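In: here's a sequence, model it:
(one chain, ligands or ions: 3)
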Amino acid sequence: MRLIFLAFLVPQKYFPAFVNSKTSSAMVINQNTSKLILGITVIILLILFIVKKYVTHLKDKLYSNYQQLLRANQELAVAKENLQINYNELLDKQSALITSEERYRLAVETANDGLWDWDLQENKCYISERWKERLSLPESAIVNHYEVWLGQMHPEDEARVRQLVKDYLEGKTDKYYIEYRLRDAFDNYIWTLSIGKLIKDQFGNNLRMVGSHTDITERKEYEEKIYKMAYYDGLTNIPNRSYMIEKLDRAINLSIELNVKGALFFLDLDNFKQINDTLGHDFGDQLLKTVSDRLISCIGSDFIMARLGGDEFVILKEIITSKSEVEETAQRIIHLFQNKWIVEENEMFVTVSMGSTIFPDDGKSVRKILKNADTAMYCAKDAGKNAYNVFDETMLETVLVRKEMEMDLRKAIECHEFKLFYQPYFKANTREIAGIEALIRWFHPQKGLISPTEFIPIAEETGLITGIGEWILREACRQNEEWQKKGYQKIAVAVNISTLQISHNSPQLLKGILSESGLEAKWLQIEITESEVMEIVEENILILNQIRESGIKILLDDFGTGYSSLSYLKKLPLDMVKIDRSFILDIERQEKEIVITEDIISIAHKLNLEVIAEGVETQEQVDYLLNHECDFLQGFFFIEPLCAEEMEGLLKNNLSL
Ligand code: C2E
Ligand code: CA
Ligand code: CA
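Out: Ligands and ions are numbered 1, 2, ... in the order given. Here you go, the predicted model:
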């Protein structure tokens, strides 16, 4: 249609044959026809050109459309792929959601969690059934009210919980995470972890709190076990050193801050090592438990007591009102140990040495205060059994000297610094030598001669007495055998034995020493001290019996100063008693003592025991003792202890004085 229309628009000059049709000849007609054909051809060509152009244009357009379509198609494919991926992810998420929801449901159902919802406006607190079940409480037991719920709380936790809740609600803390104990229907406490969140309205007012309850009893018990292990002594169940150090540190700081005073007592059992060795460790453990229990009930709840280890106990009074309060407490404790104890059917005397110190006067650090109390105790030990000392600075020097002595003592045997001296005792009527007592002397390379009264107690405390005691026995037996071999008159040697040396091994050890030296058992005597042997009388009697059965004679030293009653004296396997020097000293002075000395002699005789009087210094004493039929006499009146050479000289020349 457009082609036809274009043809009519062609101007007239291109078609002259049509314009002059009336005047034309045949030739003209032919010319015109040719022109016409040419014109038509041109037109057709033009039309064809235009058509071609148009078709090309159309084709281009079509191609571009096709390209666009192709691109769109590709994009669509990519989009489809992405869609598929998203879809797959969605599927995954959905299944994960289902799994986690399932898990959460399971968790809530199976765990101890309970839920709570506290309406702060109405002050009503909804607690989920699960939690009421956990506390074995019937639905009706707890009204959904905050205060009622608090009523289930442990009294020790209530104030703390109230404060924490208040702080959270007032915005002072940003987390609500509280642990406390709730009482169940059987009056057991359930440790509960409460976690919650505050919900506010659009104006910022507190609306409600929601949260959960979790039973953490098991965890708490576990924590407590760990705490106990760290801060309590496994044997006695009382606090240990770590606990005491923390409490003492706090108490010292508090005393400085508040300008008050506190006191620390240091206790150490006397002869515990020996008890342990003789009666066994199980018995030792039992004794420590008994001591701990009795001390606790003696001091009461105002004090904190800990076992530092071994047989050492420490008692802390955080605040004292006066020094007399410290004295009074010490006396109470000492009194506790004055009477005989029965531990696992064993009757015994248990005693302690005790020291005290006051803080912050005597020191401001845990180390110093512990050391002071220990030092005071150490000096009390020196003073004898069941003694008590209050710390003063001069004690530090004493302790230093003792420590030094302890170190020197350790080397003394190897360095041959010990020597035995011998003091004879005589038959009272004939004044013949009846025996000799071996007495140790320490010749210190720097300090010179040191008395046994100075170093024997230290050797006993440190356990060094075992080695030293063995050396004394060996040397005394060897020396006596040597003298006997030389042909001097045979006499017995009496060796002082510390009770710490008496153990189940003693009979065997003594036999060994005798056979090693070649000395016959009847020429060995052992001197034991009454007060010491009575501490663990039953067990010692067994051992002493074995010793005596082997032929060794047993002599009770310092007789009259100990605790022994006649019934015990009867039980002890003895051959002789040695009346303590204090009674001999007083013979001429006090009527009362004279009577006692008389009594001692006659009691001993009634028990078929021979009697030695030690420390005889005067003629009056000799006369008195002779009059009262004392069997043997020993003392400076006759002769002082002699070194081995002097003793040999005496043996050689004269056997009576
Ligand atoms: P003890 O067993 O009662 O010994 C008697 C002490 O009195 C001895 O002192 C002796 O020298 C002293 N003495 C003797 N006669 C008289 C006297 O007439 N007047 C005075 N004032 N004193 C007299 P020593 O040797 O210094 O011994 C003191 C304590 O040391 C002994 O008392 C004993 O308990 C202990 N001891 C001495 N040697 C040994 C030993 O070898 N082993 C053990 N375990 N302890 C010993
Ligand atoms: Ca003696
Ligand atoms: Ca004595």
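In: from here on, just use CA atoms for contacts and neighbour counts.
Out: Fine.
In: tell me the residues of the stretch 451-600 of the chain that contact ligand 1?
Out: By CA under 6 Å from any ligand atom, the residues of the stretch 451-600 of the chain that approach ligand 1 are 451-453, 472, 496-498.
In: just the buried ones out of these, please.
Out: 472, 496-498 (16 or more other CA atoms under 10 Å).
In: picking up where we left off before, just the residues of the stretch 451-600 of the chain next to ligand 1: which are in strands?
Out: Judged by DSSP state E, these include residue 496 as members of strands.
In: list the buried ones in stretch 338-349?
Out: Within stretch 338-349, the residues scored as buried using 16+ other CA under 10 Å are 341, 343, 346-349.
In: for residue 126, state which of these is nearest.
Out: When the buried residues of stretch 338-349 are compared for distance to residue 126 (CA to CA), residue 343 wins out at 57.4 Å.
In: pretty sure that closest one contacts residue 289?
Out: No. Residue 343 is not in contact with residue 289 according to CA atoms under 8 Å; the separation is 10.0 Å.
In: now pLDDT and distance to residue 55 too, for the residues of the stretch 451-600 of the chain next to ligand 1, in JSON lines please.
Out: Below are these laid out as JSON lines (pLDDT from 0 to 100; distance: CA to CA, whole Å):
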{"residue": "451", "pLDDT": "96", "distance to residue 55": "141"}
{"residue": "452", "pLDDT": "97", "distance to residue 55": "139"}
{"residue": "453", "pLDDT": "94", "distance to residue 55": "139"}
{"residue": "472", "pLDDT": "98", "distance to residue 55": "139"}
{"residue": "496", "pLDDT": "97", "distance to residue 55": "142"}
{"residue": "497", "pLDDT": "95", "distance to residue 55": "139"}
{"residue": "498", "pLDDT": "91", "distance to residue 55": "136"}
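In: just list what the biggest helix by length in the chain packs against, helices and strands only.
Out: Secondary structure of the chain read by DSSP state H shows that its longest helix is helix 26-110. On a contact count with 3 or more CA pairs under 8 Å, 6 or more residues apart in numbering; DSSP states H and E, helix 26-110 meets helix 16-19.
In: what average pLDDT does the helix it packs on get?
Out: Taken as a whole, helix 16-19 has a mean pLDDT of 44.
In: check stretch 617-629 too.
Out: 94.
In: what does stretch 282-297 give?
Out: 94.
In: got the buried residues for it?
Out: Neighbour counts over stretch 282-297 (16+ other CA under 10 Å) mark 283-285, 287-292, 295-296 as buried.
In: including distance to ligand 1 and secondary structure, could those residues go into TSV?
Out: Formatted as TSV, the buried residues of stretch 282-297 follow (distance: CA to the nearest ligand atom, whole Å; DSSP: H, G, I helix; E, B strand; the rest coil):
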residue	distance to ligand 1	secondary structure
283	25	helix
284	23	helix
285	27	helix
287	26	helix
288	26	helix
289	30	helix
290	30	helix
291	28	helix
292	30	helix
295	31	helix
296	35	helix
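In: export the buried residues of stretch 338-349 to CSV and tack on secondary structure and pLDDT?
Out: Formatted as CSV, those follow (DSSP: H, G, I helix; E, B strand; the rest coil; pLDDT from 0 to 100):
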residue, secondary structure, pLDDT
341, strand, 86
343, strand, 85
346, strand, 80
347, strand, 81
348, strand, 83
349, coil, 84
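In: go through those and say which is closest to ligand 1.
Out: Comparing the buried residues of stretch 338-349 against ligand 1 with CA to the nearest ligand atom places residue 349 closest, at 19.8 Å.
In: rewinding a little: now, among the buried residues of stretch 338-349, which is nearest to residue 45?
Out: Checking the buried residues of stretch 338-349 against residue 45 by CA to CA gives residue 343 as the nearest, at 141.3 Å.
In: related to what we said a few turns ago, of the buried residues of stretch 282-297, which pair is most distant in space?
Out: Greatest spacing in the buried residues of stretch 282-297, by CA to CA: 283 and 296 (19.8 Å).
In: in the stretch 401-550 of the chain, where is pLDDT below threshold?
Out: In the predicted model, the stretch 401-550 of the chain carries pLDDT under 70 at residues 531-537.
In: show residues contacting stretch 444-458.
Out: Contacts with stretch 444-458, where a contact means CA atoms under 8 Å, 6 or more residues apart in numbering, come from 382, 402, 405-406, 417, 440-443, 465.
In: list the buried residues for that stretch?
Out: 444, 455-458.
In: over to stretch 175-186?
Out: Result for stretch 175-186 [16+ other CA under 10 Å]: buried residues 175-176, 179-185.
In: is ligand 1 within reach of the helix or strand containing residue 437?
Out: Element membership for residue 437 (DSSP states H and E) is strand 433-444. Yes. With CA under 6 Å from any ligand atom as the criterion, ligand 1 is reached by strand 433-444 at 438-440.
In: and the buried residues of stretch 282-297 as CSV, adding distance to residue 559?
Out: Converted to CSV, the buried residues of stretch 282-297 look like this (distance: CA to CA, whole Å):
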residue, distance to residue 559
283, 29
284, 28
285, 32
287, 28
288, 30
289, 32
290, 30
291, 29
292, 32
295, 31
296, 35
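In: residue 544: which of the residues you listed is nearest?
Out: Comparing the buried residues of stretch 282-297 against residue 544 with CA to CA places residue 283 closest, at 19.8 Å.
In: which residues touch the closest one?
Out: By CA under 8 Å, 6+ apart, the contact set of residue 283 is 276, 344.
In: what residues does the chain put near ligand 1?
Out: Contact residues (CA under 6 Å from any ligand atom) of the chain with ligand 1: 438-440, 451-453, 472, 496-498, 615-617, 635-636, 641.
In: now for those residues: which two are most distant?
Out: 472 and 617 (26.7 Å).
In: ok, the strand holding residue 437: who's next to it in the sheet?
Out: The pairing partners recorded for strand 433-444 under DSSP bridges are strand 418-427 (antiparallel), strand 448-450 (antiparallel), strand 492-496 (parallel).
In: with just CA atoms, put that strand into CSV.
Out: Coordinates of each C-alpha in strand 433-444 appear next as CSV, following Å, rounded to 0.1, in the frame of the first residue of the first chain:
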residue,chain,number,x,y,z
ILE,A,433,80.1,-49.3,143.6
ALA,A,434,76.9,-51.1,142.5
GLY,A,435,76.6,-49.6,139.1
ILE,A,436,77.4,-46.6,136.9
GLU,A,437,75.0,-44.3,135.1
ALA,A,438,76.1,-43.2,131.6
LEU,A,439,75.6,-39.4,131.1
ILE,A,440,76.2,-37.8,127.8
ARG,A,441,78.3,-34.7,127.2
TRP,A,442,78.6,-32.6,124.1
PHE,A,443,81.9,-31.0,123.4
HIS,A,444,80.9,-28.4,120.8
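In: starting at the chain centroid, how far to that strand?
Out: The chain centre lies 47 Å from the centre of strand 433-444; the measure is CA atoms, centre = their mean, to the nearest Å.
In: tell me how many other residues crowd the residue of the stretch 351-500 of the chain found nearest ligand 1.
Out: Going by CA to the nearest ligand atom, ligand 1 is nearest to residue 439 of the stretch 351-500 of the chain, at 3.6 Å. Residue 439: 20 surrounding residues under other CA atoms under 10 Å.
In: who touches it in this structure?
Out: So, once contact is read as CA under 8 Å, 6+ apart, residue 439 ends up touching 420-423, 495-496, 641.
In: ok, it to residue 418 distance?
Out: Look at residue 439 and residue 418: by CA to CA, to the nearest Å, they are 10 Å apart.
In: rebuild the contacts of stretch 444-458 as a markdown table, extending it with neighbour count.
Out: As requested, those are exported to a markdown table (neighbours: other CA atoms under 10 Å):
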| residue | neighbour count |
| --- | --- |
| 382 | 16 |
| 402 | 18 |
| 405 | 16 |
| 406 | 18 |
| 417 | 16 |
| 440 | 24 |
| 441 | 18 |
| 442 | 21 |
| 443 | 16 |
| 465 | 23 |
